[in-house]
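> let me see the structure of the following:
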Amino acid sequence: MIYDKIANFNKYLPILKEYGIETNILVNISTHQNITYIQKDYDYTFIEMKVFEFHDRDIDIHHVLKGSEKIDVTNKPNKHFQYEASDCYLFINEGEYSSITLHKDEFIIFLPGECHRINPSNKNLVKKKIIKLKTK
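Below you'll find the model as predicted:
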């Protein structure tokens, strides 16, 4: 997991390259076939996210554009289930976890196997980008 200001994003590109990510494709992220790109406003007033997720191969990048968002992280569980036919695995954690609050112009990168969720206590409007990168 990598957590930093967006101004420092380029210094982490070598890590993405280690996973086979062509870092030049991040320039045109909304149109590349190996990237799922989501940018929207999230209203957590009525959402209660209890489920964590992780990926065997893919990488998630969350970038907050407006507001702040608390994200929980934990260890990979013994019991989990695959979400549809994707690389995403879901589980409910009944144990310990840590929290990180992302503020405007901050990002977090979740590498394969790193478990995360949006903290259920978020009760505000957040505008953010989520970028899902397929590794080789």
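> the residue most central in space within the chain pairs with what?
In the chain, the residue lying closest to the centroid (CA atoms, centre = their mean) is D60, at 3.9 Å. When bridges are called by DSSP bridges, D60 pairs up with F110, K132.
> so N8, which of the three states?
Recorded secondary structure, N8: helix (DSSP: H, G, I helix; E, B strand; the rest coil).
> contacts only, for it.
Counting by CB atoms under 8 Å, 6 or more residues apart in numbering, N8 touches no other residue. For glycine as for every other residue, the C-beta is placed from the backbone atoms N, C-alpha and C.
> where's it relative to D60, distance?
18 Å (CB to CB, to the nearest Å).
> before we move on, what about L13?
Distance of L13 to D60, computed by CB to CB: 16 Å.
> could you do N122 as well?
Distance from N122 to D60, by CB to CB: 17 Å.
> please apply the same query to L102.
L102 sits 12 Å away from D60, going by CB to CB.
> same question for F52.
12 Å.
> what touches both of these two?
Residues touching both F52 and D60 (CB under 8 Å, 6+ apart) are H116.
> now do the strands in the protein.
In the chain, the strands defined using DSSP state E lie at 2-5, 35-43, 51-55, 59-66, 68-74, 81-82, 88-92, 98-103, 106-110, 115-118, 125-133.
> which one of those lies closest to Y19?
strand 59-66 (6.3 Å; CB to CB).
> for that closest one, buried residues please.
If you call a residue buried by 16 or more other CB atoms under 10 Å, then strand 59-66 has these buried ones: I59, D60, I61, H62, H63, V64.
> ok, stretch 6-16 next?
Buried residues in stretch 6-16 (16+ other CB under 10 Å): F9, L16.
> now the end-to-end length of that stretch.
End-to-end span of stretch 6-16 (CA to CA, to the nearest Å): 15 Å.
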